[in-house]
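> got a predicted structure plus its sequence, pasted below:
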There are 2 protein chains.
Amino acid sequence: MQRVVIALGGNALLRRGAADTYDEMYAAARGAAERIADIAADGWEVVVTHGNGPQVGRILMQQEAAAKQVHPMPLDVCGAESQGQIGYLLQVTIGDVFFERGMERPVVTILTLTRVRAQDAAFRSPTKFVGPYFTEAQAHRREEQRGWVMRPDPHGGWRRVVPSPKPYSIVETPAIRQLIGAGMIVIAGGGGGVPVIEKGPRLIGKEGVVDKDLAAALLAHEVHADVLLILTDVPRVQRGFGSLMPEEIEQMDVAEAGRLLKRGEFGAGSMGPKVEAAVRFVRGGDRRAVIGELDEAREALQGTAGTAIVSKAP
Amino acid sequence: MQRVVIALGGNALLRRGAADTYDEMYAAARGAAERIADIAADGWEVVVTHGNGPQVGRILMQQEAAAKQVHPMPLDVCGAESQGQIGYLLQVTIGDVFFERGMERPVVTILTLTRVRAQDAAFRSPTKFVGPYFTEAQAHRREEQRGWVMRPDPHGGWRRVVPSPKPYSIVETPAIRQLIGAGMIVIAGGGGGVPVIEKGPRLIGKEGVVDKDLAAALLAHEVHADVLLILTDVPRVQRGFGSLMPEEIEQMDVAEAGRLLKRGEFGAGSMGPKVEAAVRFVRGGDRRAVIGELDEAREALQGTAGTAIVSKAP
C-alpha cells in the first residue's frame, strides 16, 4: 500500500476573508475532509498535517485580551492548544465523511513535538510575526515587561516576532508509524509541531514557529511516505512569480527546482518554502512531491493536476 | 506485564490556591511526572488520564474577554484545546523525568473523544458549572444571545451550566491499545474526553463535560487495565465524610462500597464520583482500583497506601 503525507495550508482550514467563526472553520475542515477521503478511498495510507497560523493568532489575541485575569501561556503551549483544536475539527469531519461513504478507517490525532537545534541561527534573529497588532508604545512596553522582540509589521502596526528554526526530527515518529501501520488515518505535526530543543537528555519547548512545509517534508521522510502532497489555494507552481508572464509548471526535477528557487522565481512569501520542502523530500530518494490546489487533491496525487517535483525528469 | 490507568485530579496539575501561571502548572506537572515515573520504573504499562477543569476555565475566560475581536468556540472545541495544552505539559515533564532516570519510554498524547448517549437525561438538565462568573443581568443577556443555560453559583455570581452525560465508549481505544502494546506511555482521555453523540454514522461534538473519573474507569476497562489508580489530594477515602468521626478506609469490596455510596458516606462533591468510578471498573472482573494521594502513588499501587476497592474482600 502506498503512503502519502498530505499538508494542508492554513487557508485550507480558514478560508481567506472568511469570518473566524466555528461554522466557517467547520465548513473549511469539512471541505478538506472530502478531499482526504477521496485519496483514502483510492487505497492510500494517509497522514494529514496542517498549518495553525490563524488559530494560534486567535489564541494569542484571547490571551492578550484576558491578560489581567488569566496569566498568558508561552507560545509553545499555545501551539499545543491549537493542535488540539484543529486536530479535533479535522478528525470529526474526516470521520463524518468516511462514515457517509461507507468507509471504515479510524482517525486519530497525535500531539506532535518537533526537534530543532538550540544553536539554530533563527534563535538569534527572530523574523516570524505572530499574534495581535500593537501601537509602537504598547510594543515597547511589551519588550520591557515580557522580553518580547517587537517589529513594525509590513501591514501596519507593531507585532511580536519569534524565531522560525529548521526542524531536524519529529519526536512522535514511532507512534505515528505504528498507527499508520495499523490502518489508521493519522493527524500529526500540526503547525509544524511544537519546537523543542534537546538540552542533555531533556526536551525543552521553545517559543517559535517551525516552518510547517519543512516539518511536513521531514514527517514524510520519517514515516517513509511515497508522496508528499502539499495543498494550497493555487492550482500550480508558477515560475516568474509576480512577473508579467508567469508560467505554470507541470513537472520539474529537483535540480531544476533548486535552480529556480535560487533565482527567487517562486516568490519568497508562500510558494518558495513549499518548493523547498518538496525538494528536500524528493532529494532523499526515488519519490515524488506534488504541490496543488485543495480542490484537485486527488488529481494532483494521480498526476493530472498540480506541479510534480521528481528526482529526475524522465 | 501489568497495566495501570492513572487518573490525575485537576489539582494534581494546578495546586489549590496556586497562581495559574505557566511556572506553577509546569511545577505541578513535573510533580505528577515523578510519581508516574516511579510506577513505570516498577515495570507497569501506563496510561495517564487527567482533569481539565481549571484549564478549560482559563480558556473560557480568555474567550469571553476577547469576544469582541475573536469569535468564541464552543465548549467541545475548548476541551480539545485543553487536551493539547495539558497533554503537552505532562508529556514533556514525564519525558524529562524518564531521561533523567535513564529510562527510555516514548510518551505520546492522543486527542480523545468519548461517546455519550444523545438521550442521556443530563442533556435535559445541565448541572455542571463552567467558565467565568457573571452578574445576573449579564447572565440573562447570555441566555438570550447565546442560548446558554445560566444558574446562580453557590460561590456567588452566575455561571453557565452544561450537561454532564455518562460516557459509554472511548473513540480512540484502538489507537491507545496499539501504542501501549508498543511500550509507550499514553496520555489520553483528558478532561473525560470531548463528549460526542452518534447521529446515524456521524460523531457530533456536544457542549458538555464528561465526568473524568467515570471516563477513566471506562478507559481502564477498554484497555484491559489490571488496576485503575485514582490520584487526588487526600491519602484515603473516609466514611462518614463531614461527620465528627470520619473513618479512613484501607480496603473495601464493591458490595460494601456500593452500600456506603448509597448512604452518601463519601460526600457528593469529589470523593463520591471517584468511588463510583472505582466500583464500576472493579465490578467488571477480577481487578482492583485504588484511590490515594498523588505523593503516595507508588505505595497506593503496591497496596501499602490509599484505599483499595476489590471485587470481594478476602
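In hand now; what should we look at?
> can you classify A:Ile86 by secondary structure?
For A:Ile86, the assignment made with DSSP: H, G, I helix; E, B strand; the rest coil gives helix.
> who are the contact partners of it?
Applying CB atoms under 8 Å, 6 or more residues apart in numbering or on different chains to A:Ile86 gives the contacts A:Leu13, A:Ala29, A:His50, A:Asn52, A:Gln55, A:Gly190, A:Gly191. C-betas here are computed from N, CA, C, even on glycine.
> any chance of the backbone angles for A:Phe99?
Per-residue torsions, A:Phe99: phi -60, psi -40 (degrees, to the nearest 10).
> burial count for the nearest residue to it once chain neighbours are set aside?
Spatially, and ignoring its direct neighbours in sequence, A:Phe99 is nearest to B:Pro201 (3.4 Å; CB to CB, 6 or more residues apart in numbering or on different chains). Neighbour count of B:Pro201, defined by other CB atoms under 10 Å in any protein chain shown: 13.
> can you tell me which residues contact B:Pro201?
For B:Pro201, the contact set (CB under 8 Å, 6+ apart) comprises A:Asp96, A:Phe99, A:Glu100.
> what's around A:Ala37, how many residues?
24.
> which strands and helices sit next to the host helix or strand of it?
Using DSSP states H and E, A:Ala37 falls within helix A:22-41. If you count contacts as 3 or more CB pairs under 8 Å, 6 or more residues apart in numbering or on different chains; DSSP states H and E, helix A:22-41 packs onto strand A:3-8, strand A:45-50, helix A:75-100, strand A:227-232, helix A:297-302.
> redo the contacts of A:Ile86 as JSON lines? Include secondary structure and pLDDT.
Below are the contacts of A:Ile86 laid out as JSON lines (DSSP: H, G, I helix; E, B strand; the rest coil; pLDDT from 0 to 100):
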{"residue": "A:Leu13", "secondary structure": "coil", "pLDDT": "76"}
{"residue": "A:Ala29", "secondary structure": "helix", "pLDDT": "94"}
{"residue": "A:His50", "secondary structure": "strand", "pLDDT": "96"}
{"residue": "A:Asn52", "secondary structure": "coil", "pLDDT": "93"}
{"residue": "A:Gln55", "secondary structure": "helix", "pLDDT": "93"}
{"residue": "A:Gly190", "secondary structure": "helix", "pLDDT": "96"}
{"residue": "A:Gly191", "secondary structure": "helix", "pLDDT": "96"}
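> by neighbours, which of those wins?
Busiest of the contacts of A:Ile86 [other CB under 10 Å] is A:Gly190, holding 32 neighbours.
> rewinding a little: any chance of a markdown table for the contacts of B:Pro201, columns neighbour count and distance to A:Arg151?
Shown next, in a markdown table, are these (neighbours: other CB atoms under 10 Å in any protein chain shown; distance: CB to CB, whole Å):
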| residue | neighbour count | distance to A:Arg151 |
| --- | --- | --- |
| A:Asp96 | 21 | 42 |
| A:Phe99 | 17 | 47 |
| A:Glu100 | 13 | 47 |
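> closest one of these to B:Asp295?
A:Asp96 (44.0 Å; CB to CB).
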